[in-house]
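Q: Pasting the sequence and the predicted coordinates here, then a few questions.
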Amino acid sequence: MRSPANQKGAVLLVALIMLVVFTLMALSGVNSSTASLRIAGNMQAQTEIGAAAQQALEQVLDQTANFQFTSDSPPPSQVITVSSGGVDYNVTVVLQCLGARPVAGYSASFAASAPSESFWDVQATARDPRSGAREVAHQGVRVALAPGQVCPT
């Protein structure tokens, strides 16, 4: 057996090493939880932005007047304000006509007065004013055009 005089300070040294190890483990846990919290916040913001873009798309698609043109000039973009999660998002919606074709079943002599169907790409771009994140949503749609209406390109 060793005498107590040879063991002076050994307990203090072990206790300090254990204290340093536990402190490093606690700091690692805090850093890990902070990173997880940031990831969850970013995912929530991305979901809110996507919902705002989809809501703006639905608003544009609900109005048939957005697809009725008599001139060949491209439709102007629209800015729609959507509120989600207590934040107002400005969503830019762009309509692009991809093409049109006459509806089947009309003879050639009535081609000028026959209705046609048009194919559109509707794009909504939403930005998060807090983080600057951006979400782009696309929706394809087919719209029947009355005689005299055109698909602007």
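A: Yep, that arrived. Residues are numbered from 1 along each chain as shown.

Q: Spatially, and excluding backbone neighbours, which residue is closest to residue 80.
A: residue 56 (4.4 Å; Cβ to Cβ, 6 or more residues apart in numbering). To be clear about C-beta, it is placed using only N, CA and C from the backbone, and glycine gets the same treatment.

Q: The longest strand along the chain pairs with which strands?
A: In the chain, assigned by DSSP state E, the strand with the most residues is strand 87-102. Paired with strand 87-102 in the same sheet, following DSSP bridges, are strand 78-84 (antiparallel), strand 116-127 (antiparallel).

Q: nearest to residue 141, of those?
A: The minimum distance between residue 141 and these falls on strand 116-127, with 4.9 Å, by Cβ to Cβ.

Q: Helix or strand next in line after that closest one, which one?
A: Where DSSP states H and E defines the elements, the next helix or strand beyond strand 116-127 is strand 134-145.

Q: Quick check: buried residues in that following strand?
A: Across strand 134-145, burial judged by 16 or more other Cβ atoms under 10 Å covers 135, 137, 139, 143, 145.

Q: before we move on, what about stretch 37-52?
A: 45, 48-52.
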